[in-house]
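Undergrad: sequence and predicted structure are below.
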Amino acid sequence: MTATQVSAEELFRAAYENRYTWDPDFPGYSAEVTYWDGERTFVGQVRVGADLKATVTGVEDEEARKAIHNQLWEIAIHRVRRSFAETHGNNTFRYGQILPDGSVEILVGGKAEGDRYHVRDNQVTLVHRHIHGVVVTIHTFSSHDTGEGYLSHRYDSVYHDAKTGEQKGGRSQFEDLYTKVGKYYILSERRIQTETEAGVVEKCFSFSNFALLDASGQATTKSPTP
């Protein structure tokens, strides 16, 4: 598809539906986690149920446990399969500019007025969304092709105040790696570098010894440690 052949909505819908998501039969998984916060290392166990609710055990430090739990929530929320109509049914779409790298800008109206996206090679390469009084901007620089949709590999994010435009916090850079467990791709490592007034702070979340869960919540299909 190209911008000259289809509507802005059709171009964006195709990229939206090309994202990798878990199917409705996703059973959940368990794994071991190692979290490095830049100074200390924490090791524990995690479980994400079929309902995508996460638990973290074996990590006594509350801040570290919360950081791991937040990552599990972020992983799961982006793997949920929602139809385009469910997510964007109240929005309208129109073309913006064509960028030097060939990306096509998609401008959003309707309920999400002011949001915008970039699409290139059937992938969303920029997200600019208003969420609860802030604007998050995410640039994706590279991706993994699973054969069933793409997963972001290297990307960054920055937040701004929706009213004043003032930047909130430093820019964060991410690098994600995935492991295939059974028929599902699950995050195995996430490195985050965040700009702060004191310099760049790096964190790393590593997951290993994955096992899919059965109907009773017990581990079944196991994967080798990546």
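TA: Perfect, thanks for sending it. Numbers count the residues shown, from 1 in each chain.

Undergrad: average pLDDT for the helix or strand residue 206 falls within?
TA: Secondary structure from DSSP states H and E places residue 206 in strand 199-213. For strand 199-213, the mean pLDDT works out to 96.

Undergrad: same question for stretch 107-125.
TA: Here the average pLDDT along stretch 107-125 is 96.

Undergrad: distance from the chain centre to it, please.
TA: 16 Å (Cα atoms, centre = their mean, to the nearest Å).

Undergrad: ok, stretch 166-182 next?
TA: With Cα atoms, centre = their mean, you get 7 Å for stretch 166-182.

Undergrad: what sits up against that stretch?
TA: Residues from elsewhere that reach stretch 166-182 (Cβ atoms under 8 Å, 6 or more residues apart in numbering): 29, 134, 144, 146, 151-161, 185-196, 207, 210-212, 221-223, 226. Placement of C-beta: from N, CA and C, glycine included.

Undergrad: can you tell me the element the residue most central in space within the chain falls in?
TA: Centroid-nearest residue in the chain: residue 78, 4.9 Å away (criterion: Cα atoms, centre = their mean). Using DSSP H and E, residue 78 maps to helix 62-79.

Undergrad: buried ones in that helix?
TA: 64, 65, 67, 68, 71, 72, 75, 76, 79 (16 or more other Cβ atoms under 10 Å).

Undergrad: just the ones in strands from the contacts of stretch 166-182, please.
TA: Taking DSSP state E as the definition of strands, these contribute 29, 134, 144, 151-161, 185-196, 207, 210-212, 221-222.

Undergrad: can you turn the buried part of these into a PyMOL selection?
TA: The PyMOL command for the buried members of the ones in strands among the contacts of stretch 166-182 (criterion: 16+ other Cβ under 10 Å) is given here:
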select buried, resi 29+151+152+153+155+156+157+158+159+160+185+186+187+188+189+190+191+192+193+194+207+210+211+212
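
Undergrad: hmm, back to that, contacting residues around the residue nearest to the centre of the chain?
TA: Contacts of residue 78 by Cβ under 8 Å, 6+ apart: none found.

Undergrad: distance check, it against residue 27.
TA: From residue 78 over to residue 27 the distance is 18 Å, taken as Cβ to Cβ, to the nearest Å.

Undergrad: and what of residue 6?
TA: In terms of Cβ to Cβ, residue 6 sits 36 Å off from residue 27.

Undergrad: do the same with residue 186
TA: 12 Å.

Undergrad: run through the chain and note the low-pLDDT ranges.
TA: Along the chain, the parts satisfying pLDDT under 70 run over 1-4, 221-226.

Undergrad: now residue 75: closest residue in space, sequence neighbours ignored.
TA: What sits nearest to residue 75 in space, not counting adjacent residues and going by Cβ to Cβ, 6 or more residues apart in numbering, is residue 187, at 5.0 Å.

Undergrad: pairing partners for that neighbour in the sheet, please.
TA: Beta-bridge pairing for residue 187 (DSSP bridges): residue 178.

Undergrad: check contacts around it.
TA: Residue 187 neighbours (Cβ under 8 Å, 6+ apart): 75, 176, 177, 178, 205, 207.

Undergrad: run a quick neighbour tally on the third one.
TA: By the measure other Cβ atoms under 10 Å, the count of residues near residue 177 is 15.

Undergrad: gap between it and residue 154?
TA: 10 Å.

Undergrad: and what of the second one?
TA: Here the criterion is Cβ to Cβ. By it, residue 176 lies 8 Å from residue 154.

Undergrad: how about the last one?
TA: From residue 207 across to residue 154, the span is 18 Å (Cβ to Cβ).
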